[in-house]
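**Q** I would like to see how this sequence folds:
(one chain, ligands or ions: 1)
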Amino acid sequence: MKKLQLKVPASTANLGVGFDSIGMALDKYLEVEASVSVDQQWHFEHIGPHLTGLPEDETHYITQIAQQAANKFNQKVPPLRLKMYSDIPLARGLGSSASALVTGLFLANHFANLKLSKYELLQLATEIEGHPDNVAPTIYGGLVLGVYDPEENQTDVSYIDIPKVDVIATIPSYELSTEKARKVLPENLALKDAVKYSAISNTMISALIQHNYELAGKMMMKDGFHEPYRQYLIPDFEDIKTIALEHGAYATVISGAGPTVLTLIKKELSGKLVRTLQEKFKDCESELVTINRFGVKQTTINL
Ligand code: HSE
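**A** Sure, this is the predicted structure:
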């Protein structure tokens, strides 16, 4: 059987007030080369610093996901030999687990010959993940808005143009698990607060559609769904935000569940800010990241 190559992008979720529903694909990748294993065993070869310590056999998360997807259709994925490289740091709020999940689903689709469309793969991904904000942009690319309805087990998504801004990710050296970052959130929100924050979110989206980044940024930073509770888990967050705003940024928000801090800024101003952030926050890696427009890239090789 042919070799499969996958290039699966990272993503940033939430954009402030779009908690669990808005995400954007980023130009960092989990790259995978897979072929059917001749010895009938699963083998993972991990290349690069971000995958060290992960299992190298069938206990790997990607195997579990691939088999889970195939089982749903009464199929099996044959044991595979995989070579993987990633420049998506783990547990930093850049969608590394969503990229692994999507990888497992695409492997199942190819090697168990499921013939699922991207829409159907998204349904599976969201059913496992519980929300579409990372998996949808990872699959489709660009800026995707979505909602998962667990009662109907249905995910609907919508797209808007990617913002014409530069994006800076300030990535701390420490990890923050999504589980821990979700534990600090309240169980419930009063109706008046839900109305307020959904109004802010609606306005943010409308402003993004109109390319009014000043207003979009202002709205992003008025989130009340998660940031007020999570910012204390990221000691540098307030200082990064203050410096970014002093440098003319449109917005600085927590990327996904954190601890990466995401800044949207005018293209003319981004270079100076990224250098300043790198200089001032030496324990973090500050970098300009491009928005990925196309989502998972899949190639089969006949050799
Ligand atoms: N929307 C999710 C969160 C992203 O902020 O917890 C991480 O799964």
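**Q** The helix or strand harbouring residue 288 pairs with which strands, parallel or anti?
**A** In the assignment (DSSP states H and E), residue 288 maps to strand 285-289. In the sheet, strand 285-289 lines up against strand 166-171 (antiparallel) (DSSP bridges).
**Q** what's the following helix or strand after the partner strand?
**A** Counting by DSSP H and E, what follows strand 166-171 is helix 178-183.
**Q** what about that following helix, average pLDDT?
**A** Averaging pLDDT along helix 178-183 gives 96.
**Q** Return the set of buried residues in it.
**A** residue 181 (16 or more other Cβ atoms under 10 Å). To be clear about C-beta, it is placed using only N, CA and C from the backbone, and glycine gets the same treatment.
**Q** do that helix and the ligand meet at all?
**A** Yes. Contact of helix 178-183 with the ligand (Cβ under 6 Å from any ligand atom) involves 178, 181, 182.
**Q** is it true that the second one touches residue 231?
**A** This means residue 181. No. Using Cβ atoms under 8 Å, residue 181 makes no contact with residue 231, being 10.6 Å away.
**Q** how much space between residue 109 and residue 295?
**A** Taking Cβ to Cβ, to the nearest Å as the measure, residue 109 falls 14 Å from residue 295.
**Q** Which one's more surrounded, those two?
**A** Higher neighbour count among residue 109 and residue 295: residue 109, with 24 against 21, using other Cβ atoms under 10 Å.
**Q** Was I right to think that one contacts residue 121?
**A** Yes. Applying Cβ under 8 Å, one finds residue 109 in contact with residue 121, separated by 6.4 Å.
**Q** What is the end-to-end distance of stretch 203-222?
**A** With Cα to Cα, to the nearest Å as the measure, stretch 203-222 spans 11 Å from end to end.
**Q** Now do stretch 143-161, average pLDDT.
**A** pLDDT averaged over stretch 143-161 gives 96.
**Q** Residues contacting that stretch, please?
**A** For stretch 143-161, contacts defined as Cβ atoms under 8 Å, 6 or more residues apart in numbering pick out 18, 21-25, 122-123, 126-127, 130-133, 136-137, 140, 142, 162-163, 205, 208-209, 211, 291.
**Q** Give me the subset of the residues you listed that lies in helices.
**A** Among the contacts of stretch 143-161, the members falling in helices are 122, 123, 126, 127, 136, 137, 140, 205, 208, 209 (criterion: DSSP state H).
**Q** Please list the residues of the stretch 151-300 of the chain that sit near the ligand.
**A** 178, 181, 182, 226, 256, 257.
**Q** Now with 5 Å, please.
**A** 178, 256, 257 (Cβ under 5 Å from any ligand atom).
**Q** Now name the helix or strand holding the closest residue to the first one other than its chain neighbours.
**A** Spelled out, that is residue 178. Setting aside the residues directly before and after it, residue 178 is nearest to residue 257 in space (Cβ to Cβ, 6 or more residues apart in numbering), at 4.3 Å. Under the criterion of DSSP H and E, residue 257 resides outside all helices and strands.
**Q** and residue 257, what is it in contact with?
**A** 13, 93, 176, 177, 178, 181, 182, 226, 230.
**Q** Am I right that the last one is in a helix?
**A** It stands for residue 230. Yes. Per DSSP: H, G, I helix; E, B strand; the rest coil, residue 230 lies within a helix segment.
**Q** Might you report the residue contacts of it?
**A** Per Cβ under 8 Å, 6+ apart, neighbours of residue 230: 181, 184, 185, 254, 257, 258.
**Q** do that again at 7 Å, thanks
**A** Residues near residue 230 by Cβ atoms under 7 Å, 6 or more residues apart in numbering: 181, 184, 254, 258.
**Q** Turn the residues you listed into TSV, including distance to residue 216.
**A** What follows is these, written out as TSV (distance: Cβ to Cβ, whole Å):
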residue	distance to residue 216
181	24
184	26
254	16
258	21
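**Q** any idea which of those residues is closest to the ligand?
**A** residue 181 (5.9 Å; Cβ to the nearest ligand atom).
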